[in-house]
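Undergrad: pasting the structure only:
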């Protein structure tokens, strides 16, 4: 089904406004070039991919380019692929970033109980790192991210009391960001809260949130990506639709256009075009359900449907002819979050993430070729070819994220 001229106009207006429900404009902008700078947690290419998914699905009209500059084992002063100056010159500055995120601190305590000496090295190195970025690329906007915790909450420890060292590093990152008025994403706080709440909810599953105590599991990275989205001021709202069946009236339609609303024999039908997609959460996965129940992740993924004054006790919702779920009259009156259910919109978002996953594999291949094995013959040509392929995948993901109209039916059960 093609979009009408009026539908396209409404969609474009919503995107150009860059505001949702009166919120301030995001700190990330259309046309930005983002580089994620960090250690092995960044090099996992998970929270970074999910942050890309967030932008693609929430702002499908934007063109934002993302690059991953995470290196396993890195510290504020560099690591096995080169010192800080080498890293910045090779991995950051050539990308001409408009936005740089910095997430370091896990390795900077050197896996011993807290030692003020190492905290001082971390603080001095962090200041120098930011100064070098600002000096070479003064237009780049920096976002500080605290490292995730070393998990001594859900299982035993390999390096006793190392969590204290990591917490001190995270605390400095928070204070440093505040002193410079930089956006700050509190990965340490959000994941620590997840570990504590998760351990109380189910101790066995909580052990899988950070299985090796250092590297968060995939489901945990979704909490981190949501925290970064909050720091950037990205919208939590996919859509917010409020209907009155008695009057066959649309009471509210935020980020959505509702047309062809009618009620016949107690059955409501309408067509809905949303300007965004829900996050591509793997809702079939037990760990993501555990994380949703142990964190505020769902608060950043709100695709709300509210229906007032229904006469029946229960109603079944179908979208494009496919059953989604059955709700009580009270649930629909309070509002249900479609982002947490299997819908055609969720399927579309998952296709976007599938393309992004392929692109991040290409990105990782370039790292192994150009950074770890730079002296291998033909590396430059191979890396260039891979980057070209990855750019095509990035554009394909953007095309996959474009909104589509869907047909809704709400019938008594």
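TA: Received it, and whenever you're ready, just let me know what you need. These numbers were taken from a predicted model, which means no experiment stands behind them.

Undergrad: Tell me which residues of stretch 65-82 come out buried.
TA: 65-72, 74-79, 81-82 (16 or more other Cβ atoms under 10 Å). Using the backbone N, CA and C atoms, a C-beta is placed for each residue, glycine as well.

Undergrad: and which of those is nearest residue 124?
TA: Nearest to residue 124 among the buried residues of stretch 65-82, counting by Cβ to Cβ, is residue 76 at 8.2 Å.

Undergrad: In helices, which of the buried residues of stretch 65-82 appear?
TA: Per DSSP state H, helices hold no members of the buried residues of stretch 65-82.

Undergrad: tell me the two of the residues you listed that are most distant?
TA: Within these, 65 and 77 form the most distant pair, 27.7 Å apart (Cβ to Cβ).

Undergrad: hey, where'd the strands end up in the stretch 1-150 of the chain?
TA: Assigned by DSSP state E, counting those that start in this stretch, the strands in the stretch 1-150 of the chain fall at 33-38, 65-70, 78-79, 82-83, 99-104, 141-146.

Undergrad: Give me the sheet partners of the fourth one and which way each runs.
TA: This points to strand 82-83. Sheet partners assigned to strand 82-83 using DSSP bridges are listed as strand 78-79 (antiparallel).

Undergrad: Mind listing residues that contact the partner strand?
TA: 39, 71-73, 84-87, 107 (Cβ atoms under 8 Å, 6 or more residues apart in numbering).

Undergrad: Then stretch 370-386?
TA: By Cβ under 8 Å, 6+ apart, the surrounding residues in contact with stretch 370-386 are 71, 81, 90-91, 362, 365-366, 369.

Undergrad: Quick check: buried residues in it?
TA: Buried-residue list, stretch 370-386, by 16+ other Cβ under 10 Å: 370-371, 379, 383, 386.

Undergrad: From these, which land in strands?
TA: Using DSSP state E, no member of the buried residues of stretch 370-386 sits in strands.

Undergrad: out of the contacts of stretch 370-386, which are buried?
TA: Among the contacts of stretch 370-386, those classed as buried by 16+ other Cβ under 10 Å are 71, 81, 91, 362, 365-366, 369.

Undergrad: ok, which pair from the residues you listed is furthest apart?
TA: 81 and 362 (18.9 Å).

Undergrad: sorry, back to before: of the buried ones among the contacts of stretch 370-386, closest to residue 269?
TA: In terms of Cβ to Cβ, no member of those lies closer to residue 269 than residue 362, at 43.3 Å.

Undergrad: Can you classify the closest one as helix, strand or coil?
TA: helix (DSSP: H, G, I helix; E, B strand; the rest coil).

Undergrad: In this structure it contacts residue 391, no?
TA: No: between residue 362 and residue 391 there is no contact under Cβ atoms under 8 Å: 9.3 Å.

Undergrad: re earlier: can I get the strands of the stretch 1-150 of the chain in TSV with distance to residue 321 and mean pLDDT?
TA: What follows is the strands of the stretch 1-150 of the chain, written out as TSV (distance: least, Cβ to Cβ, whole Å; pLDDT from 0 to 100):
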stretch	distance to residue 321	mean pLDDT
strand 33-38	39	98
strand 65-70	36	95
strand 78-79	54	96
strand 82-83	56	96
strand 99-104	42	98
strand 141-146	43	98
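
Undergrad: and the ones you listed as a markdown table, adding distance to residue 411?
TA: What follows is the strands of the stretch 1-150 of the chain, written out as a markdown table (distance: least, Cβ to Cβ, whole Å):
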| stretch | distance to residue 411 |
| --- | --- |
| strand 33-38 | 45 |
| strand 65-70 | 42 |
| strand 78-79 | 59 |
| strand 82-83 | 63 |
| strand 99-104 | 47 |
| strand 141-146 | 47 |
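
Undergrad: among these, which is nearest residue 216?
TA: Once the strands of the stretch 1-150 of the chain are compared by Cβ to Cβ, strand 99-104 is nearest, at 11.7 Å.

Undergrad: just checking, what packs against that closest one?
TA: With contacts taken as 3 or more Cβ pairs under 8 Å, 6 or more residues apart in numbering; DSSP states H and E, strand 99-104 sits against strand 33-38, helix 116-136, strand 141-146.

Undergrad: quick one, which of the ones you listed is nearest to residue 345?
TA: For residue 345, the closest of the helices and strands packed on strand 99-104 is strand 33-38, at 25.2 Å, according to Cβ to Cβ.

Undergrad: just to revisit the earlier point, nearest to residue 118, of the buried ones among the contacts of stretch 370-386?
TA: Closest to residue 118, out of all of the buried ones among the contacts of stretch 370-386 and judged by Cβ to Cβ, is residue 71, at 19.3 Å.

Undergrad: residues contacting the closest one?
TA: Contacts of residue 71 by Cβ under 8 Å, 6+ apart are 38-40, 43, 79-81, 87, 91, 367, 371.

Undergrad: And for residue 229?
TA: Contacts of residue 229 (Cβ under 8 Å, 6+ apart): 51, 54, 300.

Undergrad: now with 6 Å?
TA: Residues near residue 229 by Cβ atoms under 6 Å, 6 or more residues apart in numbering: 54, 300.

Undergrad: if we can go back for a sec, would you format the buried residues of stretch 370-386 as CSV with distance to residue 217 and pLDDT included?
TA: Listed next are the buried residues of stretch 370-386 as CSV, based on distance: Cβ to Cβ, whole Å; pLDDT from 0 to 100:
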residue, distance to residue 217, pLDDT
370, 28, 81
371, 25, 84
379, 32, 83
383, 30, 85
386, 27, 89
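
Undergrad: which one among those gets closest to residue 316?
TA: Using Cβ to Cβ, residue 386 comes nearest to residue 316 of the buried residues of stretch 370-386, at 47.4 Å.

Undergrad: Would you mind measuring from the closest one to residue 303?
TA: Using Cβ to Cβ, to the nearest Å, residue 386 is found at 35 Å from residue 303.

Undergrad: Residue 226 too?
TA: Between residue 226 and residue 303 the distance is 15 Å, computed by Cβ to Cβ.

Undergrad: And for residue 184?
TA: From residue 184 to residue 303 the distance is 28 Å (Cβ to Cβ).
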